[in-house]
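> my questions are about this predicted structure, shown below with the sequence.
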Amino acid sequence: MMATSEAFLRGSVISRRTGVYCFSTKQSCSRTIKNLGKSFVELSRGVNGGWGPNALKTRFDHLSCKCEQAENVRELSFGDEKGTQIHGTDDIWSNNQKAELVQQLGYENGNLSSLGKVEKEENVDSIEDEAWKLLRESVVNYCGNPIGTIAANDPADSSIMNYDQVFIRDFIPSGVAFLLKGEYDIVRNFILYTLQLQSWEKTMDCHSPGQGLMPASFKVRTVPLDGDDSATEEVLDPDFGEAAIGRVAPVDSGLWWIILLRAYGKVTGDLSVQERVDVQTGIKMILKLCLADGFDMFPTLLVTDGSCMIDRRMGIHGHPLEIQALFYSALLCAREMLAPEDGSADLIRALNNRLVALSFHIREYYWIDMRKVNEIYRYKTEEYSYDAVNKFNIYPDQIPPWLVEWMPTTGGYLIGNLQPAHMDFRFFALGNLWSVISSLTTVDQSHAILDLIEAKWSDLVADMPFKICYPALEEQEWRIITGSDPKNTPWSYHNGGSWPTLLWQLTVACIKMNRPEIAEKAVAIAEKRLRRDKWPEYYDTKRGRLIGKQAHLFQTWSIAGYLVAKHLLANPASAKILVNPEDSELVNAFSCMLSASPRKKRGQKAAPNQSFIV
Ligand code: GLC
């Protein structure tokens, strides 16, 4: 059995590579390939519980290529011919769908006549022209095909570190920009090649990524071809955090991958990618990893510090909001895409249960506004009972003085993290914006978040949108929580810095709530400086007045974020590709749970199959 499997594996690679084994003996360039090879043997023996050989074969078919074989590029491109047929953008949505969209997005003033249309070059102003030029210059090719964009592309910068890699999270706005522009290949390639990189190893030791994990980033390396000094080959070299500063685990990568996959299908109408066996397997592996049992009792995902956009120690270990919002969105996107089959019934059941429990938990316990601050202020503590009001035993003294001053009378937001006896009251932008986009928050809560953004404009937007979190950790708190991180000093980088890339998420959230004027105002502010300042990664100081101390220039997601925001403001209906509309079944289940709320008796069963502590 093993011999056959190996022969099949090698055979499939050999046939594509005209006699060149892709299992290079070089440690540095063949990690992925070796892992996959090993896993294949395990899997074919049934060790990993039966991903079919078809799924594996499809994966192996695209592993690597010989750079000089330009004529083979087409052969190496993905899928069947049908798959490469993508619908023109003009006919993405029928009139009925447009009408449905108006209803779903509640967006009536938007320019629906331009729905799905590619911007006309002559209407694009020169900042956008420059942004497009820069975005194209950041494109990375693999075997002659565009596959992603590097994180930053500043030729004058000698301290580029890993910013010459394709980061999964950084590529999302690039991918969306390309999709909206009608250029689909790069996104399709990105989706399928990163799928090749997904970890297939079982977690046998503490130093290998868990099965299903997507890398944080990858690099295309050109390496000498074994046995042939005159030739080279390209290999994809992923980083799952094992080389990253602080060895942080990229929990968000797989979630973003699912979100982009759905967006690709929505824009192109080409569902053949999401229907592929290997892609379905990839989705399931991510879900299994996220839905696996642990010791934790909450429906939220328990993660280590630095597992998302904030990829350094910033006191966000536990159940950070950003991960929960992306998790929720990815669950909804995956549910839309998973092919119904007997084998996935349990997974889909677990997914549905988790959606209900997660939305209840976040909406109830992460929400904060003036009323809630007052409630916490008067909390009784040490309540031992099933129907405790102060379930997480929050001591009122935890309410930070800044919060009482800062909280507007109208408006509210989701706190950054919730753990036993601990609420992180900081406002984290991405988590809040993505909660609006994914309908993790109720309609009222979503509006309240935008109300808060308007009320706190001078803190959250000021001279450059958008503050990654508010407020900054200072002095002793900074010392203890960041470990005296010199990059994360107060009002810099992750610690209260301003990140232009967040413009696109702000724009989607505002369009979803039919309040695009908020995003328009923010884009107008950013526009005054971004090009002049060379598209920095982030800005420093309380008002975002200075270019970040160590910010990279020509940061790709600053460029792409701006482009996506501009496109969506001109074509608001296109935001549909990213938005998760409120699910009516979830609303019902949610109201069931509310009526059996924690403030009532626990004895009342909340919802069928409900198996999470709420
Ligand atoms: C920084 C950011 C991270 C981003 C990376 C590349 O580490 O914190 O979110 O992915 O830079 O731009």
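On my side now, so go ahead. All values derive from a computational prediction rather than experimental measurement.
> and what about I127, helix, strand or coil?
Look at I127: counting by DSSP: H, G, I helix; E, B strand; the rest coil, its state is helix.
> tell me, how many residues neighbour it?
I127 is flanked by 17 other residues according to other CB atoms under 10 Å. (Glycine included, C-beta is placed from N, CA and C.)
> distance of it from the ligand?
I127 sits at a distance of 21 Å from the ligand (criterion: CB to the nearest ligand atom, to the nearest Å).
> what's the answer for S307, then?
For S307, the distance to the ligand equals 11 Å [CB to the nearest ligand atom].
> kindly confirm my reading that that residue is in a helix.
No - read with three-state DSSP, S307 is coil and lies in no helix.
> I'd like to know how many residues surround G544.
Neighbour count of G544, defined by other CB under 10 Å: 27.
> now A560: how far from the ligand?
Look at A560 and the ligand: by CB to the nearest ligand atom, they are 11 Å apart.
> is stretch 213-227 anywhere near the ligand?
No - between stretch 213-227 and the ligand, judged by CB under 6 Å from any ligand atom, nothing touches; the nearest distance is 7.2 Å.
> so what's the residue in the stretch 1-150 of the chain that the ligand sits nearest to up against?
Of all residues in the stretch 1-150 of the chain, I150 sits closest to the ligand, at 9.2 Å by CB to the nearest ligand atom. The contact partners of I150, by CB atoms under 8 Å, 6 or more residues apart in numbering, come to 138, 140, 163-166, 556.
> out of those, which sit inside helices?
Members of the contacts of I150 lying in helices (criterion: DSSP state H): T556.
> with distance to the ligand, pLDDT and neighbour count as added columns, please give the contacts of I150 in a markdown table.
Converted to a markdown table, the contacts of I150 look like this (distance: CB to the nearest ligand atom, whole Å; pLDDT from 0 to 100; neighbours: other CB atoms under 10 Å):
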| residue | distance to the ligand | pLDDT | neighbour count |
| --- | --- | --- | --- |
| S138 | 11 | 97 | 23 |
| V140 | 14 | 97 | 19 |
| Y163 | 6 | 91 | 20 |
| D164 | 10 | 91 | 16 |
| Q165 | 8 | 95 | 24 |
| V166 | 10 | 97 | 27 |
| T556 | 8 | 98 | 30 |
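> quick check, I259 in contact with L326.
Yes - the pair I259 / L326 is scored as a contact, 7.2 Å apart, by CB atoms under 8 Å.
> torsion angles phi and psi at I399?
When read as degrees, to the nearest 10, the backbone of I399 gives phi -60, psi 120.
> how near is it to M423?
Distance from I399 to M423, counting by CB to CB, to the nearest Å: 9 Å.
> so who does the most centrally placed residue in the chain touch?
Among the residues of the chain, the one closest to the centroid is W256, at 3.0 Å (CA atoms, centre = their mean). By CB under 8 Å, 6+ apart, the contact set of W256 is 168-169, 172, 326, 330.
> where's it, which helix or strand?
helix 251-268 (DSSP states H and E).
> that helix and the ligand, any residue contact?
No - using CB under 6 Å from any ligand atom, helix 251-268 stays clear of the ligand, coming no nearer than 8.7 Å.
> could you tell me which residues make contact with the residue of the stretch 151-300 of the chain found nearest the ligand?
The minimum distance from the stretch 151-300 of the chain to the ligand, using CB to the nearest ligand atom, falls at A151 (3.8 Å). By CB under 8 Å, 6+ apart, A151 lies in contact with 162-167, 170, 217, 552, 555-557.
> if I look at the closest residue in space to S484 that isn't next to it in sequence, how far off is the ligand?
For S484, ignoring the flanking residues on the chain, the nearest one in space by CB to CB, 6 or more residues apart in numbering is W478 at 7.2 Å. Using CB to the nearest ligand atom, W478 is found at 17 Å from the ligand.
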